[in-house]
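Engineer: Have a look at this prediction, sequence included:
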Amino acid sequence: MTIHGAIEAGGTKFVCAVGSAATGSLRTATIPTRDPDATFAEVAAFFRDAADFGPVAGIGVASFGPVGVDPASPDYGKILATPKPGWEGTDLLARIRAFLDVPMAIDTDVNAAALAEVRAAGPDMRQLAYVTVGTGIGVGLVSEGSPVHGIGHPEAGHILVRRHPAHEGFAGTCPFHGDCLEGLAAGPAVSSAWGAPASELAADHPFWEVEADYLAQLCMTLFLTMAPQRIVLGGGVMKQERLIPLIRARTADLLGGYVQAARDEAAMERLIVPPACTEPSGLVGAFLLAEQAAG
């Protein structure tokens, strides 16, 4: 069995694993994201300890962003403009190569997750969007089997949305845009606006309607621009399972019957779904990136 390494590099935690996309992880470790030196010291220790499973053929990195994803660019593998203190400019691949010199590939955590969800969906899935709603909001897009890249990678978590009346006066928490989608609906914005995380808010709290409205605006935008066959909603905030039915219903309202394939409740249940992967989608996607890198 060929062993690959996977790193899901998040703003809150790094998840490291050895194994493969097909068989799953043989060993994993969760490492709190601190400064780069402390974090990568633990990453290196994990891969040294996991060497008893055999040599690693390649490593895939599914990273928080923005991150350089063009192999021809000098910023490939480097963290770009990020609100995460101490991480801007960090060369993730160089940090890994310092302790394990094997073929590597990197993409955003959400693009990697989208690759994994396409694989889980089967060969007929040509266009898929993966959305994570947690510390930030990220959107990964896969079209015809490949992650979407251009001048960088998609950053649809920072689109501007129509403010909900219940949020009047809330400035938003995004350090770059204030009240963009992430600044209004990501985990830190939820806690800042309502005084508690989503998991602690009552069922009749206005948060549920507000959050569903913002995420439905994102889903509407994705349907009208990329025309995905599926939108997968993951991340910490989406662990509140009652959100998905609210988002489906609000997305249908916003579309107003304009998109033929998204006109009824049954269609929305097929189009907007939770993750299908049994392991975290970003980690599975990192294994897929490792396999591509190793050939």
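Structural biologist: Yep, that arrived. Residues are numbered from 1 along each chain as shown.
Engineer: what's near enough to touch Arg119?
Structural biologist: Residues counted as contacts of Arg119 (Cβ atoms under 8 Å, 6 or more residues apart in numbering) are 21, 284, 288. In this view, the C-beta of every residue, glycine as well, is placed from N, C-alpha and C.
Engineer: Provide a list of residues in contact with the first one.
Structural biologist: Residues touching Ala21, when contacts are defined by Cβ under 8 Å, 6+ apart, comprise 4, 116, 119, 284, 287-288, 291.
Engineer: next one: the last one
Structural biologist: Under the criterion of Cβ under 8 Å, 6+ apart, the contact list for Leu288 reads 21, 60, 112, 115-116, 119.
Engineer: Let me know whether Glu42 touches Ile31 as I believe.
Structural biologist: Yes. Assessed by Cβ atoms under 8 Å, Glu42 is found in contact with Ile31 at 4.5 Å.
Engineer: Which one of these two is surrounded by more residues?
Structural biologist: Ile31 (20 against 15; other Cβ atoms under 10 Å).
Engineer: Where does that one sit: helix, strand or coil?
Structural biologist: strand (DSSP: H, G, I helix; E, B strand; the rest coil).
Engineer: Helices along this protein, start to end?
Structural biologist: Taking DSSP state H, the helices of the chain run over residues 36-49, 92-97, 109-121, 181-185, 187-194, 207-225, 243-255, 265-271, 281-294.
Engineer: Can you pull out the low-pLDDT segments for the protein?
Structural biologist: Per-residue confidence for the chain (pLDDT under 70) gives these ranges: 151-152.
Engineer: partner residues bridging the residue nearest to Gly89 when sequence neighbours are not counted?
Structural biologist: Counting by Cβ to Cβ, 6 or more residues apart in numbering, Gly89 lies nearest to Lys78, which is 6.2 Å off, once chain neighbours are set aside. Lys78 forms beta bridges with Asp91, as assigned by DSSP bridges.
Engineer: Next up, the contacts around Lys78.
Structural biologist: Contacts of Lys78 (Cβ under 8 Å, 6+ apart): 67-68, 89-92.
Engineer: ok, 10 Å please
Structural biologist: 63, 66-68, 87-94, 106 (Cβ atoms under 10 Å, 6 or more residues apart in numbering).
Engineer: Could you measure from the nearest residue to Met238 once chain neighbours are set aside over to Val139?
Structural biologist: Sequence neighbours aside, Val133 is the residue nearest to Met238 in space, at 5.2 Å (criterion: Cβ to Cβ, 6+ apart). To Val139, Val133 is 10 Å away according to Cβ to Cβ, to the nearest Å.
Engineer: which of the two has more neighbours?
Structural biologist: Neighbours per residue (other Cβ under 10 Å) separate Val133 from Val139, with Val133 holding more: 29 against 26.
Engineer: For the more buried one, give its distance to Tyr214.
Structural biologist: Taking Cβ to Cβ, one finds Val133 at 9 Å from Tyr214.
Engineer: Which neighbours do those two have in common?
Structural biologist: Counting by Cβ under 10 Å, 6+ apart, the common neighbours of Val133 and Tyr214 are 181-182, 185-186, 247.
Engineer: re earlier: please identify which pair of the contacts of Lys78 lies farthest apart.
Structural biologist: Across the contacts of Lys78, the longest distance by Cβ to Cβ is 17.5 Å; it joins Pro66 and Ala94.
Engineer: out of these two, which sits in the busier spot?
Structural biologist: Using other Cβ under 10 Å, the more surrounded residue of Pro66 and Ala94 is Pro66, with 19 against 12.
Engineer: excluding its backbone neighbours, what's nearest the more buried one?
Structural biologist: Per Cβ to Cβ, 6+ apart, closest to Pro66 is Leu80, 4.0 Å.
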